[in-house]
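S.K.: Attaching a predicted model along with its sequence, questions to come.
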Protein chains: 2
Amino acid sequence: MKSITHPTLLIDQTKVVNNIRRMKQKADVSGIVFRPHFKTHQNHQVAEIFRNEGVKKITVSSVSMATGFAAQGWNDITVAFPVNLREMEEINRLSKNIRLNLLVDSGFSTLFLLKHAQHPLTIFIEIDTGYHRTGLVPEDPEIEFIINEISSSRLLTFGGFLTHAGHTYQARGQAEILDIMDQSRKQMLELKHHHERFHPEFILSYGDTPSCSLASHFNGFDEIRPGNFVYYDVMQFHLGACSLEDIAVAAACPVVSVMKERGEMAIYGGAVHLSKEHIVADQGFKLFGYVVRLDRNLHWSDPIPGAYVYSLSQEHGLIKMSEKELVTFKPGDLVGILPVHSCLTADLLKEKFLMI
Amino acid sequence: MKSITHPTLLIDQTKVVNNIRRMKQKADVSGIVFRPHFKTHQNHQVAEIFRNEGVKKITVSSVSMATGFAAQGWNDITVAFPVNLREMEEINRLSKNIRLNLLVDSGFSTLFLLKHAQHPLTIFIEIDTGYHRTGLVPEDPEIEFIINEISSSRLLTFGGFLTHAGHTYQARGQAEILDIMDQSRKQMLELKHHHERFHPEFILSYGDTPSCSLASHFNGFDEIRPGNFVYYDVMQFHLGACSLEDIAVAAACPVVSVMKERGEMAIYGGAVHLSKEHIVADQGFKLFGYVVRLDRNLHWSDPIPGAYVYSLSQEHGLIKMSEKELVTFKPGDLVGILPVHSCLTADLLKEKFLMI
């Protein structure tokens, strides 16, 4: 504990293992492929935990991330991001050595890949089932065009349809999350029925932690790609997708100021450590993280009642806390922050972490 | 231009030089010390531009940053952040070699430094003139206690009072920003008058880009520490603290999807590149950056009318744009984003930048 001088991401290995096992078991029971998204952790030690649990296929969100994990022996990687054509050289380097699955959502990008690919690539078409970030809507005629172009290619194989139902993050409650999943499933299955006569081998790939956490089964899909579940966070807790005990990371931050008269303390831990992601809580206030106590082994307590991070600047975090709790802290102590969005906090602290 | 494959911070050196010269000249005319905050850029090349413009004293926001710049030959550094007592070893290593100025806002931290300092340290007391982040209010009796403790020390010297009037960022318009500066000045001068009888050598140090940009003079203060002004950003433009032409950085991002039917495009450039910092604009929508065109030399245009980044996830950015403009983009092109908060974007892209 003494060795921690800077904001540091604590990763609870027991919780990580439990989170992985729970999700993998559900995928196994449904008889589908579990291809976890590694963008959340971007961590080679956590990747080894996945490997030990029997995971062989992974998802990432950039070609660079694919390159990083390929160097650690991962050889079946989906880049679940509309292909970045400016990285064609890197794509060709990677696809020479591993099975690389890319995502397209336009005829233009497909034709570009057809022209420039030097090694086999599996191509997924991204489908927008309601999130409206990227992807083609199921009725878009471009889908047919893309499949036909891929079919004409020697190096490209049509892998199937992929969707990320990210609108589950805006849902109000568990029922709405599961409803979004059902609607996505329905659209994806209709697409499958329409196209499988001509291309029988492709699959349906589905993502997002909220619905994958709450669903009792994944029937209809062939693959799931949740990522955040490995750590979970305050946002997932608010969505009802996890319990507080499932949250597997906390940022350990030095206390630098205790302002008793204001009922606040300041920590070394700001936007460049935790990210400016926040949730607007019940009474309209902004919340950038829950506050927990750390014991000597850096394990953390339940959230301190009524305490929360209410403001972040570049390096400062400000915490509201009851006087009773506040008097137990002094400058130089450590305090833990359960992050609102663990993907962003883990990205910011990817070089400052500690496995516990 | 072809070489850019990832989100990359473009730094316009001409604009950087102009922004530095304008601020430095104003400090010179007021006869005060210009001690720019280096947390915004954290960049050794930009630091050299400051050095060429005659800057010798700097401000940073962490001991690590001080260590980094000390290694580049900077030898008078203020860490404008309540001292992190867990870094005492690093503080002692640094203060052996350079003039290190630290910030305290409690008797506790002062006593800790008294006990553990091994080399001379200059100590500033942080004053809260209304921002309510950290610092002691001017009437706090702890100020007297801290000064007396420092006076009893062989290694510690009382440097003076330091404030960051960060509430200028919440101001509505230029008049309110200057009013905040006047109120801060008044409080700081009162403190000075009260204490200078006993400790005649100390100074008043003042920060924040909005007021330092708008002020016609810095009379009353002895030192200014603005940081953001070196790059400026959309937030400063909205505050009226700079013109659009003053903004010296843009994030070059690959276009990955053009969704004509939605009047949107997606870029490789998300929260891990730009940060989730946003402003709520006139009609209530969130804005994560302006959109500019890049020419062959990577210089950028005025913002594209009506275009803005309206949503960010981890790696995706979504841009709204008129159809007329949208049809000129295709996947694989580059587009520029003027960041809402350049400090956070520059921090995220500190290893991915290009001087132009």
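M.R.: Alright, I've got the coordinates.

S.K.: so who does residue A:127 touch?
M.R.: With contact set as C-beta atoms under 8 Å, 6 or more residues apart in numbering or on different chains, residue A:127 has these partners: A:135-138, A:161-163, A:187-188, A:191. The way it works is simple: take the backbone N, C-alpha and C, and place the C-beta from them, glycine included.

S.K.: Quick one: those as CSV, columns for pLDDT, neighbour count and distance to chain B too.
M.R.: Formatted as CSV, those follow (pLDDT from 0 to 100; neighbours: other C-beta atoms under 10 Å in any protein chain shown; distance: C-beta to the nearest C-beta, whole Å):
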residue, pLDDT, neighbour count, distance to chain B
A:135, 96, 25, 8
A:136, 97, 21, 9
A:137, 96, 16, 9
A:138, 96, 17, 14
A:161, 98, 27, 16
A:162, 98, 26, 14
A:163, 97, 28, 14
A:187, 97, 20, 17
A:188, 97, 24, 19
A:191, 95, 21, 18
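
S.K.: So which bits of the stretch 251-356 of chain A are right by chain B?
M.R.: A:254, A:256-259, A:262, A:266, A:268, A:271-272, A:275-277, A:311, A:313-316, A:318, A:330-332, A:334, A:343-344, A:347-348 (C-beta under 8 Å from any C-beta of the partner chain).

S.K.: rerun at 7 Å
M.R.: A:254, A:256-257, A:266, A:268, A:271-272, A:275-277, A:313-316, A:318, A:330-332, A:343-344, A:347 (C-beta under 7 Å from any C-beta of the partner chain).

S.K.: Looking at those, which are in strands?
M.R.: A:254, A:256-257, A:266, A:268, A:316, A:318 (DSSP state E).

S.K.: Between those, which sits nearest residue A:129?
M.R.: residue A:318 (39.3 Å; C-beta to C-beta).

S.K.: My guess is that closest one contacts residue A:307. True?
M.R.: No. Using C-beta atoms under 7 Å, residue A:318 is not in contact with residue A:307; the gap is 11.4 Å.

S.K.: Out of the contacts of residue A:127, which is nearest to residue B:56?
M.R.: residue A:135 (54.0 Å).

S.K.: Let me see the contact set for that closest one.
M.R.: Going by C-beta atoms under 7 Å, 6 or more residues apart in numbering or on different chains, residue A:135 touches A:105, A:126-128, A:163.

S.K.: Please report phi then psi for it.
M.R.: phi 100, psi 160 (degrees, to the nearest 10).

S.K.: how close does the residue of chain A most remote from its centre sit to residue A:254?
M.R.: Distance from the C-alpha centroid of chain A peaks at residue A:261, with 39.4 Å (C-alpha atoms, centre = their mean). The spacing between residue A:261 and residue A:254, counted by C-beta to C-beta, to the nearest Å, is 21 Å.

S.K.: what's the answer for residue A:31, then?
M.R.: 48 Å.

S.K.: out of those two, which sits in the busier spot?
M.R.: residue A:254 (23 against 10; other C-beta atoms under 10 Å in any protein chain shown).

S.K.: show me what contacts the more buried one?
M.R.: By C-beta under 7 Å, 6+ apart, the neighbours of residue A:254 are A:267-268, A:332, A:334, B:84, B:86.

S.K.: Adding neighbour count and distance to residue B:152, write those residues out as JSON lines.
M.R.: What follows is these, written out as JSON lines (neighbours: other C-beta atoms under 10 Å in any protein chain shown; distance: C-beta to C-beta, whole Å):
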{"residue": "A:267", "neighbour count": "31", "distance to residue B:152": "30"}
{"residue": "A:268", "neighbour count": "26", "distance to residue B:152": "28"}
{"residue": "A:332", "neighbour count": "17", "distance to residue B:152": "21"}
{"residue": "A:334", "neighbour count": "22", "distance to residue B:152": "30"}
{"residue": "B:84", "neighbour count": "26", "distance to residue B:152": "23"}
{"residue": "B:86", "neighbour count": "21", "distance to residue B:152": "25"}
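
S.K.: domains of chain A?
M.R.: Here the domain parsing of chain A from automatic domain parsing is A:13-230, A:244-355.

S.K.: What does the residue farthest from the centre of chain A show for phi and psi?
M.R.: Dihedral angles (degrees, to the nearest 10) for residue A:261: phi -60, psi -30.
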